[in-house]
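[1] From the sequence below, what's the structure:
(3 chains)
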Amino acid sequence: MDLAFDVLIWGSLGLGLFFMLVGTIGILRMPDVYTRLHAAGMTDTMGAGFLLLGMALYTVEEMVPGHTSYWTVLVRLVLVYAFLLFTSPIATHALARAGLAGGVEPWTNDAEEGT
Amino acid sequence: MFVAATAGILVSMALALLRALLGPTVYDRVLAVNTFGTKTVLLIAAIGFLTERPEFLDLALVYALINFIGTIAVLKFFEYGDLGLTRRIQREAE
Amino acid sequence: MLRAIGLGVVLFGFWLTLSGHYTPLLLGFGVGSCVLVVYIAARMEVVDQEGVPLHVTGRFFSYLPWLMKEIFVANVEVAKVILDPKLPISPRIVVFHGSQDTDLGRAIYANSITLTPGTITTGVAGHEFEIHALRAADLETDEQQQMDVRCTRVERGRRERAS
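    Prediction:
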């Protein structure tokens, strides 16, 4: 039981770190601000999601029956993720709009594909 | 295990800072700072678990909101040069 | 009025879960601050269909699991693209048709699109959604169609059930 739980926690923290690091590598590799936004979205959705899921599983494992403080931790973890889910697309959208309004041309490789 | 998580988050924070330094446009920098903020939220939560002080999650909650408002405010400032005052004056003049 | 009370109840529930102190004095402060926020919201005229969307909350939660699954699938796709040494991207901006009638439904659809890595909404005008896609192939999938249908269902489940 405990071992299975530990594997789950490690797996979910590991997946979260993986998505977060890949997203950050994407931010470094992508050619312009709009494509970088796609990579940044990964950190906000799955990176944060799996890391917080890992923390939630850890809390469940440590839970002592009769102690309400563990439940408040779980509620806070869910709320952190909910806030991230609600705010991240708005920030992304605002950035994309600001970029377009500020005259940053979206990068394309259509010309390369044509040749 | 939260030592590993904290270390991983710190590494990706450093990479995000690299993008903020490289730019090239101001929007890239804002984007980098925004993801840096998201990672800060997760770092605060991870440190809370690392030091067995789950109260840190309250800070993470607040930081998540401040990060969002900060990003929007900075973007608005770059687009209009202020935080809404000019448009309000224009509206009132009309 | 009903919406204002609903907002107050939701706010107070939120306050209760975060506070953890249940003495009469602090509970009084909680009620006071909730009433103040509802008053400010009413003065700002945001206590309406759009600002307090209590009518879609239930349907929204049934939509969430599907959205999370889609986000996961899209994340794996984008991760593959980023880790590919050749970086096989072909970004472009396309205009998309959404079938939502209210601003709230459009907001839900636009934010769902943005949340799914690989597509970002850059502008909304009426039924037209301007979308920046990481790969052109991402747009011609059933998922995009399905997301549109599901968001419309979140927006007006009741009307569909009536007909």
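[2] hmm, the host helix or strand of B:Phe36 in reach of chain A?
    Secondary-structure assignment from DSSP states H and E places B:Phe36 in helix B:26-50. Yes - applying CB under 8 Å from any CB of the partner chain, one finds that helix B:26-50 is in contact with chain A at B:26-28, B:30-32, B:34-35, B:38-39, B:41-42, B:45-46, B:49. Just so you know, the C-beta spots here come from the backbone N, C-alpha and C atoms, and that holds for glycine as well.
[3] Just the buried ones from the residues you listed?
    Among the residues of helix B:26-50 next to chain A, the ones that count as buried by 16 or more other CB atoms under 10 Å in any protein chain shown are B:26-28, B:30-32, B:34-35, B:38-39, B:41-42, B:45-46, B:49.
[4] Which one of these is nearest to B:Ala4?
    The closest of those to B:Ala4 turns out to be B:Ala46 (CB to CB; 9.5 Å).
[5] Run through the residues that contact that closest one.
    In this structure, B:Ala46 makes contact with A:51, A:55, B:2, B:5-6, B:9, judged by CB atoms under 8 Å, 6 or more residues apart in numbering or on different chains.
[6] what about 10 Å?
    By CB atoms under 10 Å, 6 or more residues apart in numbering or on different chains, the residues touching B:Ala46 are A:13, A:16, A:51-52, A:54-55, B:1-10, B:39, B:56, B:60.
[7] Please list the members of the residues you listed that lie in helices.
    A:13, A:16, A:51-52, A:54-55, B:2-10, B:39, B:56, B:60 (DSSP state H).
[8] Can you give me the pLDDT of residue 53?
    All of this is about chain A. Looking at A:Leu53, its pLDDT is 91.
[9] Let me rephrase: I mean chain B.
    pLDDT, read off for B:Arg53, is 83.
[10] go on, C:Gly157?
    66.
[11] neighbours around C:Phe96, how many?
    Using other CB atoms under 10 Å in any protein chain shown, C:Phe96 has 19 neighbouring residues.
[12] buried sites along the host helix or strand of B:Leu15?
    B:Leu15 is part of helix B:2-22, with elements assigned from DSSP H and E. Using 16+ other CB under 10 Å as the test for burial, helix B:2-22 gives B:2, B:5-6, B:8-9, B:12-13, B:15-16, B:19-20.
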